[in-house]
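> could you look at this predicted model? Sequence included:
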Amino acid sequence: MSAIKEKEIQDNSQWLKSPLQMKMEGLAPMSEVIISSYFGTKKKLKLYRTYYQIGTDAKADIRIDDPFVSTAHAILELPKGANQYFIKDNASRNGVFLNGVQISQAPLPSRGSIRLGRSTISWSKKSDQIDSFDSDFIVEDEQMKDLISKVQAAASTNLPILLLGETGVGKDRIAQFVHKLSKVSGEFVPINAAMVGGSLAESELFGHKRGAFTGADAVRMGALKKANHGTLFLDEVADLPAETQVKLLRAIETGEIKPLGSDQEEKSIFRMISATSQPLEQLVESKKFRIDLFFRISGIIFTIPPIRERPKDIKAIVENTLAKKGFEIEQEALSKVLSYPWPGNVRELKSCIDRAIALCRFDSCSVIQSKHISGLGKVSTASMQQDKGRSLEEMEREFILLSLERNGWSRSVSAKELGIARSTLFEKMKKYQIQDRV
């Protein structure tokens, strides 16, 4: 038998694997399914909830127009701590068939189809789809479900998007979500305006030629050029210097950029996603941010609610994160988590979970107790008191140091986390006399 024929048989045999054999390659959150109804209509659905009721009922999460499908035919569910969805027959009239086999309940493999009545729900391997989001992004809160649906619709347009929300709510993850759903051919290029200023801001955005300014020893491509046919994510856009706002506005309007030290215009067409934790409209009114630039970047505005307004999401994040690492949480500890306002939002919540796991392991237990939920409010309150007497330079120096420490002093990783170029991080380290750890 030829090697090609043997490989073809092996590939085809993947379809014969049972759901249990394919458990590790199961249908995961943010996978896309295609619903083909009895009457010939087709629609795509991206899975991001933990629970879907399937049937003909008008209130069903996945409504299928088929006379052979029951009112509440089946349930599609992501169990707590699981990485793949399960399908369950909900006492339907005509049964549920997974890859041609009737089942009462089963985990869903990485590719296959479910037949309900004369309709089907099918999907392919996640590697064959757009890897739109990570599987930790589980949404239970109704307002967030509505927001994600609107973001998905906005991703199919070419309109610029402005993301508003407090620090730590996940604006960068939403931006990446939009980029991957947009199906653009270019890169996702993030830049944090709060970490650059003056000529550095222009160099980061527009690039520079050799000799453009002191220290410009080589040609450097700017973020606007890197984002050609891709997406530019400009975080903390409100911190852009006034002179840079003018040049950015022109680049967005004309699709032309001019690197520092160059007389030649270069073309770059990109999707613009901006974000800020500041009240941008107030800054426009006080003339600290250009109104014409505001209109250019705010084609569609999404406000991401803070995690304290989404208790269902807090509970889901905590339980799913712990379950994946083999831990549980007692009710008293969970109540403590739910009652805290989380000024640092998801970022602070995940740090708290990591700390609780470490303390729980130290106690040789697998159930998070109230005593393991520590440090709430201490960092934010203390830092706010300290920051009152500190300069921006001091705070920026500490911010850079914390990032370097967190990433094992890797400049590349820290620069990516901070949303700046590696060369900019190097310049700031020299400015603040930060020496590499030996």
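Okay, I see it.
> tell me if I am right that residue 301 is in a strand.
Yes. Under DSSP: H, G, I helix; E, B strand; the rest coil, residue 301 falls within a strand.
> now do the contacts for it.
For residue 301, the contacting residues are 161-162, 164, by Cβ atoms under 8 Å, 6 or more residues apart in numbering. Backbone N, C-alpha and C define where each C-beta goes, glycine included.
> what is the burial count for residue 363?
Using other Cβ atoms under 10 Å, residue 363 has 11 other residues around it.
> apart from its chain neighbours, what residue comes closest to it?
residue 372 (7.7 Å; Cβ to Cβ, 6 or more residues apart in numbering).
> residue 361 is in contact with the one you found, correct?
No. Judged on Cβ atoms under 8 Å, residue 372 makes no contact with residue 361 at a distance of 9.7 Å.
> compare those two (neighbour count), which wins?
residue 372 (24 against 13).
> what sits against that one?
Applying Cβ under 8 Å, 6+ apart, the residues near residue 372 are 333, 355-356, 359-360, 363.
> before we move on, what about residue 267?
Neighbours of residue 267 in contact, by Cβ under 8 Å, 6+ apart: 228, 255-257.
> what separation do you get for it and residue 160?
With distances taken as Cβ to Cβ, to the nearest Å, residue 267 is found 18 Å from residue 160.
> now do residue 348
Distance from residue 348 to residue 160, counting by Cβ to Cβ: 29 Å.
> do residue 326 as well
On the measure of Cβ to Cβ, residue 326 and residue 160 end up 43 Å apart.
> which of the contacts of residue 372 sits closest to residue 186?
Nearest to residue 186 among the contacts of residue 372 is residue 355, at 38.5 Å by Cβ to Cβ.
> surely that closest one meets residue 374?
Yes. Counting by Cβ under 8 Å, residue 355 touches residue 374, with 6.6 Å between them.
> farthest-apart pair in the contacts of residue 267, please.
Maximum pairwise distance in those, criterion Cβ to Cβ, is 11.7 Å, between 228 and 256.
> find residues that contact each of the two.
In contact with both residue 228 and residue 256: 267-268, using Cβ under 8 Å, 6+ apart.
> who has more neighbours, the two?
residue 228 (19 against 12).
> wasn't that one part of a helix?
No. Counting by three-state DSSP, residue 228 falls outside a helix, being coil.
> pLDDT score for it?
If you check residue 228, the pLDDT there is 91.
> also residue 9?
34.
> residue 343 too?
Note for residue 343: predicted pLDDT of 87.
> who has more neighbours, residue 326 and residue 160?
residue 160 (20 against 9).
> the more surrounded of residue 355 and residue 374?
Just comparing residue 355 and residue 374: by other Cβ under 10 Å the higher neighbour count belongs to residue 355, 14 against 11.
> from residue 363, how far off is that one?
13 Å.
> same check, this time on residue 302
Residue 302 sits 42 Å away from residue 363 when distances are taken as Cβ to Cβ.
> please apply the same query to residue 220.
Taking Cβ to Cβ as the measure, residue 220 falls 51 Å from residue 363.
> and for residue 266?
59 Å.
> remind me which residues of the stretch 151-300 of the chain are low pLDDT?
197-199, 208-209, 211-216, 218-219, 261 (pLDDT under 70).
> counting contacts, what elements does the lengthiest helix in the chain pack onto?
Secondary structure of the chain per DSSP state H: the longest helix is helix 345-362. Under the contact definition 3 or more Cβ pairs under 8 Å, 6 or more residues apart in numbering; DSSP states H and E, helix 345-362 sits against helix 311-324, helix 331-339, strand 367-368.
> contacts for that helix?
166-170, 306-308, 314, 317-318, 321-322, 325, 327, 333, 337, 342, 344, 366-369, 371-376, 379-380.
> weed out the non-buried ones from these.
166, 168-170, 306-308, 314, 317-318, 321-322, 327, 333, 337, 342, 344, 368-369, 372-373, 376 (16 or more other Cβ atoms under 10 Å).
> just want the most central residue of the protein.
Geometric centre of the chain, nearest residue: residue 173, 2.3 Å, by Cα atoms, centre = their mean.
> between whatever helix or strand it lives in and helix 345-362, how many degrees?
Using DSSP states H and E, residue 173 maps to helix 171-182. On the basis of axes from the mean of the first three to the mean of the last three Cα atoms, to 10 degrees, helix 171-182 is oriented at 110 degrees to helix 345-362.
> look up how far residue 180 lies from residue 152.
From residue 152 across to residue 180, the span is 11 Å (Cβ to Cβ).
> wait, I meant residue 75
Residue 75 sits 28 Å away from residue 180 when distances are taken as Cβ to Cβ.
> residue 358 now?
32 Å.
> for residue 173, same thing?
Residue 173 is 11 Å from residue 180, by Cβ to Cβ.
> likewise for residue 54?
26 Å.
> do the same with residue 263
According to Cβ to Cβ, residue 263 and residue 180 sit 37 Å apart.
> just send the contacts of residue 372 back as JSON lines, with distance to residue 405 too.
Shown next, in JSON lines, are the contacts of residue 372 (distance: Cβ to Cβ, whole Å):
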{"residue": "333", "distance to residue 405": "28"}
{"residue": "355", "distance to residue 405": "16"}
{"residue": "356", "distance to residue 405": "21"}
{"residue": "359", "distance to residue 405": "20"}
{"residue": "360", "distance to residue 405": "24"}
{"residue": "363", "distance to residue 405": "26"}
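> out of those residues, flag the one nearest to residue 96.
For the contacts of residue 372, the nearest to residue 96 is residue 333 (37.8 Å; Cβ to Cβ).
> for the closest one, give me its contacts.
356, 368-370, 372-373.
> what's the closest non-adjacent residue to it?
Take residue 333 and drop its neighbours on the chain: the residue closest to it by Cβ to Cβ, 6+ apart is residue 370, 4.6 Å away.
> cool, residue 191 as well?
With Cβ to Cβ, 6+ apart as the criterion, residue 191 has its nearest non-adjacent residue at 4.7 Å, and that residue is residue 223.
> the one you found reaches residue 201, doesn't it?
No. Counting by Cβ under 8 Å, residue 223 does not reach residue 201; the two are 10.3 Å apart.
> run the chain-centre distance for stretch 252-263.
Chain-centre distance of stretch 252-263: 30 Å, with Cα atoms, centre = their mean, to the nearest Å.
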